[in-house]
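S.K.: I would like the atomic coordinates for the input below:
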Amino acid sequence: MSAAPYVVAGWLFLMGCYGLATSRNLIHAVGCLAVCQSSTYVLLLAVGYRSGGTAPVFSDIAPGSRPVVDPIVQALTLTDIVIGATVTALLLSLVIQVAKRHRTVDPDELSELRG
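M.R.: So this is what the prediction gives:
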């Protein structure tokens, strides 16, 4: 088994975290958070991958005759994608509300949010 998907997942996560830490724009920060989220898709699919595996459909073959990929991991990945899209949409709607109220998307200029 190759380590490439794990390296790609780690690289995506680190690049998203770097962008999130250095961002001076709330929209850019939401995009970087989405990149961090996409690293989990790669990681989940790498965990469930089997070399030579096929889709887990057993209508025309006997169970156990061919290796199949893990359907649970595929379902978790699809759930992760849906939740990630929902969270991104919610965060972008909050950024729109902040921009309407404060006329900026720069986090340093949002003095009312400081404690």
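
S.K.: So which bits of the longest helix belonging to the chain are buried?
M.R.: In the chain, with assignment by DSSP state H, the single longest helix is helix 71-102. Going by neighbour count (16 or more other CB atoms under 10 Å), the buried part of helix 71-102 is 73, 76-77, 80, 84, 91, 95, 98. Every C-beta, even on glycine, is put in place using the N, C-alpha and C of the backbone.

S.K.: now for it, which elements pack on it?
M.R.: Under the contact definition 3 or more CB pairs under 8 Å, 6 or more residues apart in numbering; DSSP states H and E, helix 71-102 sits against helix 26-48.

S.K.: now the angle from the helix it packs on to helix 71-102?
M.R.: 180 degrees (axes from the mean of the first three to the mean of the last three CA atoms, to 10 degrees).

S.K.: Relative to the whole chain's centre, how far out is helix 26-48?
M.R.: 3 Å (CA atoms, centre = their mean, to the nearest Å).

S.K.: contacting residues around it?
M.R.: 5-6, 8-13, 15-20, 23, 69-70, 72-74, 76-77, 80-81, 84, 87-88, 91-92, 95, 98-99, 105-107 (CB atoms under 8 Å, 6 or more residues apart in numbering).

S.K.: Recalculate using a threshold of 6 Å.
M.R.: Outside helix 26-48, the residues that touch it by CB atoms under 6 Å, 6 or more residues apart in numbering are 5-6, 8-9, 12-13, 16, 19-20, 23, 69-70, 73, 76-77, 80, 84, 88, 91-92, 95, 105.
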